[in-house]
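Engineer: I'll drop the sequence and a predicted model, then ask my questions.
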Amino acid sequence: MSEQYLSTTMQRGLNAIKALSGHEADGMRPGELAKRMGISQPQATSVIKNLIHAGFAEHCPWDQNKVRLGPALITIANSAQLAINQRAMQLEQDRRNYGGIT
């Protein structure tokens with residue numbers, strides 16, 4: 001892929017999602033996220049605000065100073081899993097219907 005189409009801002013948001021992954025139970029403070037990503041704390045705060053706005057992150061209910069992945073990612077994952085399962089069932093049905101034809 002050509003580097004000319006890469007967006008630093010978009011890449012930063014995607015990297016933040018990856019960094020937050022696995023920290024749903026404890027959450028992560030903006031400073032910790034900044035350190036993991038190698039960016040400034042104001043940049044991390046900006047990324048977090050954008051992720052929260054899109055539903056990809058949320059403040060932890062027990063500590064508003066921490067964030068964790070949000071429900072939008074679960075919705076996307078569930079939708080993808082459903083599509084995969086439906087396709088697998090269709091392929092199995094096709095195999096049963098047409099597998100014996102020679």
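Structural biologist: Perfect, thanks for sending it.
Engineer: What average pLDDT does the top strand by length along the chain get?
Structural biologist: Using DSSP state E to define each element, the chain has its longest strand at strand 63-69. Mean per-residue pLDDT for strand 63-69: 96.
Engineer: helices or strands up against that strand?
Structural biologist: helix 8-20, helix 30-37, helix 41-54, strand 57-60 (3 or more C-beta pairs under 8 Å, 6 or more residues apart in numbering; DSSP states H and E). In short, each C-beta sits where N, CA and C put it, glycine included.
Engineer: now do 7 Å
Structural biologist: helix 8-20, strand 57-60 (3 or more C-beta pairs under 7 Å, 6 or more residues apart in numbering; DSSP states H and E).
Engineer: what's next to it, contact-wise?
Structural biologist: 17, 20-21, 23-24, 27-29, 48, 56-60 (C-beta atoms under 7 Å, 6 or more residues apart in numbering).
Engineer: Quick check: which of those residues has the minimum pLDDT.
Structural biologist: Out of the contacts of strand 63-69, that is E24, at 88.
Engineer: Run a quick neighbour tally on that one.
Structural biologist: 15 (other C-beta atoms under 10 Å).
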